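> Sequence and predicted structure, then a few things I'm wondering about:
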Amino acid sequence: MYRVTREIYFCYGHRLLNYDGKCRYLHGHNGKAVITLEAPHLDARGMVLDFGQIKRVIQGWIDANLDHKMILHRDDPILPYLRQLGEPFYLLDVNPTAENIARLIYDYAQRQGFPVVSVSLWETESCYATYAPNREG
């Protein structure tokens, strides 16, 4: 089995609803998404997937949709104010935790046909969450 990994850096803000801690307030992160792809065989070029294609497709999507945006739950009461001010945001049906943002990026990569096996989202230098679906069953 062959694996390749690409790191993508971006900045985002968020807050967590129904949370009793500091993360219930609007705040930001310098995030790092680590995307790992896997294939049993290499393509005709000798690659799992070209790093440039990963950058163009996945980083392009992150740059357009998540970078320098507030990532919020669609029920967040601050949304009318952000809309009124013309501030950029990205909405989720779930709390915008590191776990859920990792899953968001994983799902996007998978929809693009990439052989993604996991995505980790680093919120800080010492804290990250990983989404990798259970392959059994």
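Looks like it arrived, so ask away. Numbering: from 1, shown residues only.
> could you pull out the helices for the chain?
For the chain, the helices defined by DSSP state H cover 51-54, 60-65, 79-85, 98-111.
> Next, format the ones you listed as a markdown table and append distance to R24.
Glycine gets a C-beta too; all of them are placed from N, C-alpha and C. Putting the helices of the chain into a markdown table (distance: least, C-beta to C-beta, whole Å) gives the following:
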| stretch | distance to R24 |
| --- | --- |
| helix 51-54 | 34 |
| helix 60-65 | 24 |
| helix 79-85 | 16 |
| helix 98-111 | 15 |
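> could you show me where the strands are in this structure, in order?
2-14, 27-39, 69-73, 89-92, 116-122, 128-131 (DSSP state E).
> quick revisit: reformat the helices of the chain as CSV; add mean pLDDT, mean neighbour count and distance to I35.
Converted to CSV, those look like this (pLDDT from 0 to 100; neighbours: other C-beta atoms under 10 Å; distance: least, C-beta to C-beta, whole Å):
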stretch, mean pLDDT, mean neighbour count, distance to I35
helix 51-54, 96, 14, 7
helix 60-65, 98, 15, 10
helix 79-85, 97, 11, 28
helix 98-111, 98, 19, 6
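> Show the backbone phi and psi for Q112.
The phi and psi torsions at Q112 (degrees, to the nearest 10) take the values phi -80, psi 0.
> how near is the residue nearest the centre of the chain to V119?
Closest residue to the average C-alpha location of the chain: I105 at 3.8 Å, with C-alpha atoms, centre = their mean. According to C-beta to C-beta, to the nearest Å, I105 and V119 sit 5 Å apart.
> Mind listing the shared neighbours of the two?
By C-beta atoms under 8 Å, 6 or more residues apart in numbering, I105 and V119 have these common neighbours: A33, I35.
> tell me the residue furthest from the middle of the protein?
Farthest-from-centroid check, the chain (C-alpha atoms, centre = their mean): A44, 29.5 Å.
> Now do that residue against I54, distance only.
The gap separating A44 from I54 is 18 Å, by C-beta to C-beta.
> And D43, by the same measure?
D43 is 13 Å from I54, by C-beta to C-beta.
> again with P88
Using C-beta to C-beta, P88 is found at 24 Å from I54.
> do the same with H41
18 Å.
> likewise N134?
24 Å.
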